[in-house]
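Engineer: One predicted model, sequence on top.
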Number of protein chains: 2
Amino acid sequence: MSTPLKIGVAGLGTVGAGVLALLERNAGIIATRAGRPITVCAVSARDRSRDRGLSLEGLRWYDDASQMATDDQIDVVVELIGGSAGPAKELVTAALGQGKAVVTANKAMLALHGTELARCAERNAATLAYEAAVAGGIPAIKALREGLAGNQLSRVTGILNGTCNYILTCMREQKREFADVLAEAQALGYAEADPTFDIDGVDAAHKMAILAALAFGQPVAFDAVHVEGIRDITATDILLAEELGYRIKLLGIAEQDDAGVTARVHPCMVPVSHPIAVVEGVDNAVVAEGDFVGRVVLEGRGAGAGPTASAVVADLIDIARGRHTPVWGTAVSELTPRQVLPMDRHRGAYYLRLMVLDRPGVIADVTGVLRDHDISLESMIQRGRSAVGAVPVVLTTHECREDAMRDALTRIGGLDAVLERPAMIRIESR
Amino acid sequence: MSTPLKIGVAGLGTVGAGVLALLERNAGIIATRAGRPITVCAVSARDRSRDRGLSLEGLRWYDDASQMATDDQIDVVVELIGGSAGPAKELVTAALGQGKAVVTANKAMLALHGTELARCAERNAATLAYEAAVAGGIPAIKALREGLAGNQLSRVTGILNGTCNYILTCMREQKREFADVLAEAQALGYAEADPTFDIDGVDAAHKMAILAALAFGQPVAFDAVHVEGIRDITATDILLAEELGYRIKLLGIAEQDDAGVTARVHPCMVPVSHPIAVVEGVDNAVVAEGDFVGRVVLEGRGAGAGPTASAVVADLIDIARGRHTPVWGTAVSELTPRQVLPMDRHRGAYYLRLMVLDRPGVIADVTGVLRDHDISLESMIQRGRSAVGAVPVVLTTHECREDAMRDALTRIGGLDAVLERPAMIRIESR
């Protein structure tokens, strides 16, 4: 068997430890599939003395990860430090600059600096691989960049954040409120102490920016992603969704047509018959629609040490075998910026929930506003009477424009009989 | 842009025409993703004059496909002739012998001669790619061979035959019998005039043999696959399955543990909550379970010109980029034959349906036989009375051994009060 592929691993958190464990446990099959052994030579982390449940004996230790870039004994740098800039980006840039291959799980860095890093990789004829950055163990990057490469993709949809999907699943199954489930998820370690990136949709938006760039051959554009999180979803909405035949999911959606592209992350109502509706708990899913292949659905664990390590090691095996793919699937010079359509121009169906005073004329006022904005109703549920006089009214609409809906909601929210800010969730039936 | 990749296409049926159409329609994006244009130079088919709705102008024509192998102008031969031996295998062997890359959709050939062909490819340092051979447009081969390559896989399951899945779906949705739906599928072109390979499970078994070889790193062994088709499934069984919370699917299943490997294709009852249960119509699915990645589900169109062409072109783009993977994921010398466990030693739960005379003591006789074979019941449904005196009795069992079940069924079938051969369907709940 030929020369081992020598790697340095920067960052020994959950994922880093998982990569070391996988390379050790499955060393035999990895060597046969890679055509040569993959050997860890050096590691770097903040705290050398921390017990990670694995032996670091015989491995060179770097306090400063960026020094790995100039270690002649290392063929590949595995960046698992995280953060869009700072040490992670410095290390990756330096390693690529030395012509070393880089494997990373860093979606924030790719979403914000992906084109610059691709240029750097191209200039140095180096590989930059990032299967682990999106959808954990699901080989979604490989599917889009290689497996479906013959297709013009019109649409990519995904459940890309396991924390949000876990929270929404618990809310539905246990009929509990968001804050309550979040607190429990934090206690169990399924959600971060500061959960902002997850629950406000930022993490999913990083991943969506990456998938949109790959799918449509455009420079990665995180700022063009419309982002809303799941903080405002209530147990009531989830229950009502179920009655209407939908599940509420935080989806990332990227679409292209002749007018341009859109990329957005927000809660959606998805028909229960759609494959993505039944993706529950911490699972992720990616759905791609191509002109020849039709619809392809990929589902699996979206996070955690094992699945993420699986993705990192797949990239290492590709590199060991000499399989190279340009960072964004094509040369950087071939990436074409596309017209980004603003969210205002989005067309879709909507679910609205209003808490209104239970008195005559309210429904007439609400539906009058919708009529004034050319929004037609698909269904209405009004039910029961309340002791305090407030009752929920649920409306679903036919397709209309987002700006019309927003204007209508502002007016409806201003009606005397409407007691809270109306809840609005987009319906995605495709 | 550098030199075009020049290809010859042998076989211009539905798939061949689809490949030509895809290469033409998406030539621009294919060239950017492949790093160079992919150009069809030569074609071969049985009938030159047939109208295929595409222009063959400027393409060299071969009456004898095998002559493509020695055409110096061709870099890659795309074999879409079909058949496990004969012209297809001659062409592939000759082309590999000339050091040419080969792309094929031919599952029968790979299932029966895959190791020999891999040796031939290895000897000539040539690529033999076959994404289109399994699960149509779903990048399942790429997922197993590259995307999940770091994992020890314990189990691969699949819905691998679109015709069978379509028939089972129609039977369930329209409450119709097998022969009736099959006749309609033939009239609509969804099933072949001679549907034997599809409905008797042979096609799915070819694909399962390929997936098992890839998953477990063993020489492909079609003869080791236990095969049963869907001819004996009745509308009654489908209805009863639904009542019990199952759907009936023709599954391919390959498993490995310390004792050895099993590979089998047969109708299964799958819990409706399992992702594979909701894969309907002509869709295919592949589920892989790895020690680090957990469960990954891939779903999409399993056949047809578009999806199959998508897979063929993905292979061509890999070749154009110089991405090479050994035929079976590792060198042929690394493939290890594994102990194959016979179906008799299978352990699982079973669904049994008996048509019995409606008279005292019958149930006691039947359950007595099961007790004698150490088979314990999980549930029993007996319902209604029949004018003709025959009533269906449905039993589900806890896990037991296949040989015990077979012996029990022989004895039960021999009871006077049992009017037809008992129906038996395996329950797969994992």
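Structural biologist: Sure, I can see it.
Engineer: now the helices for chain A?
Structural biologist: Applying DSSP state H to chain A gives helices spanning A:14-25, A:27-34, A:86-97, A:107-123, A:140-142, A:162-174, A:178-188, A:196-199, A:202-216, A:235-243, A:305-320, A:362-372, A:402-413.
Engineer: In JSON lines, list these along with mean pLDDT and mean neighbour count.
Structural biologist: Glycine gets a C-beta too; all of them are placed from N, C-alpha and C. Supplementary listing: the helices of chain A in JSON lines, determined by pLDDT from 0 to 100; neighbours: other Cβ atoms under 10 Å in any protein chain shown:
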{"stretch": "helix A:14-25", "mean pLDDT": "96", "mean neighbour count": "21"}
{"stretch": "helix A:27-34", "mean pLDDT": "98", "mean neighbour count": "20"}
{"stretch": "helix A:86-97", "mean pLDDT": "97", "mean neighbour count": "21"}
{"stretch": "helix A:107-123", "mean pLDDT": "98", "mean neighbour count": "22"}
{"stretch": "helix A:140-142", "mean pLDDT": "98", "mean neighbour count": "27"}
{"stretch": "helix A:162-174", "mean pLDDT": "97", "mean neighbour count": "21"}
{"stretch": "helix A:178-188", "mean pLDDT": "93", "mean neighbour count": "15"}
{"stretch": "helix A:196-199", "mean pLDDT": "96", "mean neighbour count": "19"}
{"stretch": "helix A:202-216", "mean pLDDT": "98", "mean neighbour count": "27"}
{"stretch": "helix A:235-243", "mean pLDDT": "94", "mean neighbour count": "18"}
{"stretch": "helix A:305-320", "mean pLDDT": "98", "mean neighbour count": "27"}
{"stretch": "helix A:362-372", "mean pLDDT": "94", "mean neighbour count": "16"}
{"stretch": "helix A:402-413", "mean pLDDT": "97", "mean neighbour count": "18"}
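Engineer: and of those, who's closest to residue B:339?
Structural biologist: Proximity of these to residue B:339 was assessed by Cβ to Cβ; the nearest stretch is helix A:27-34, lying at 17.7 Å.
Engineer: Whichever residue of the stretch 201-350 of chain A sits closest to chain B: what's it in contact with?
Structural biologist: Taking Cβ to the nearest Cβ as the measure, the point where the stretch 201-350 of chain A comes nearest chain B is residue A:313, at 3.2 Å. In this structure, residue A:313 makes contact with A:19, A:22, A:23, A:26, A:30, A:38, B:149, B:150, B:292, judged by Cβ atoms under 8 Å, 6 or more residues apart in numbering or on different chains.
Engineer: distance of the first one from chain B?
Structural biologist: Read that as residue A:19. Distance, residue A:19 to chain B, using Cβ to the nearest Cβ, to the nearest Å: 9 Å.
Engineer: and what of the fifth one?
Structural biologist: As judged by Cβ to the nearest Cβ, residue A:30 and chain B stand 6 Å apart.
Engineer: Check whether that residue really touches residue B:149, as I assumed.
Structural biologist: Yes - using Cβ atoms under 8 Å, residue A:30 makes contact with residue B:149 at a distance of 7.4 Å.
Engineer: Next, show the common contact partners of those two.
Structural biologist: Taking Cβ under 8 Å, 6+ apart as the contact criterion, the residues that touch both residue A:30 and residue B:149 are A:313, A:317.
Engineer: quick check: domain ranges of chain A?
Structural biologist: Each structural domain of chain A that the record assigns through automatic domain parsing is listed here as a residue range: A:5-133, A:140-301, A:344-427.
Engineer: To residue B:118, which of those lies closest?
Structural biologist: Counting by Cβ to Cβ, residue B:118 lies closest to domain A:5-133 out of the domains of chain A; the figure is 13.7 Å.
Engineer: end to end, how far does that closest one reach?
Structural biologist: Domain A:5-133 stretches 22 Å from its first residue to its last (Cα to Cα, to the nearest Å).
Engineer: roughly how far is that domain from the heart of the chain?
Structural biologist: Between the mean C-alpha location of domain A:5-133 and the chain-wide mean there is a distance of 22 Å, by Cα atoms, centre = their mean, to the nearest Å.
Engineer: One more: stretch A:128-139?
Structural biologist: For stretch A:128-139, the distance from its own C-alpha centre to the chain's C-alpha centre is 11 Å (Cα atoms, centre = their mean).
Engineer: try stretch A:164-175
Structural biologist: Centre to centre, stretch against its chain (Cα atoms, centre = their mean), the figure for stretch A:164-175 is 18 Å.
Engineer: Chain B contacts on the stretch 1-150 of chain A?
Structural biologist: For the stretch 1-150 of chain A, the residues in contact with chain B under the definition Cβ under 8 Å from any Cβ of the partner chain are A:18, A:22, A:25-26, A:29-30, A:32-35, A:131, A:137-139, A:142-143, A:146-150.
Engineer: go again using 10 Å as the cut-off
Structural biologist: Within the stretch 1-150 of chain A, the positions near chain B by Cβ under 10 Å from any Cβ of the partner chain are A:1, A:18-19, A:21-23, A:25-26, A:28-35, A:38, A:131, A:135-150.
Engineer: for the domains of chain A, which one sits closest to residue B:217?
Structural biologist: For the domains of chain A, distance to residue B:217 was read as Cβ to Cβ. The smallest value, 6.7 Å, belongs to domain A:5-133.
Engineer: so which of the helices of chain A gets nearest residue B:85?
Structural biologist: Taking Cβ to Cβ as the criterion, residue B:85 comes closest to helix A:27-34 out of those, the separation being 29.3 Å.
Engineer: so where's the stretch 251-400 of chain A shaky on pLDDT?
Structural biologist: In the predicted model, the stretch 251-400 of chain A carries pLDDT under 70 at residues A:384-388.
Engineer: one more time with 90
Structural biologist: Using pLDDT under 90 as the threshold, the predicted model of the stretch 251-400 of chain A has low-confidence ranges A:273, A:303, A:358-362, A:381-392.
Engineer: Okay, strands next: where are they in it?
Structural biologist: A:260-271, A:283-290, A:294-301, A:347-357, A:377-382, A:390-397, A:400-401 (DSSP state E, counting those that start in this stretch).
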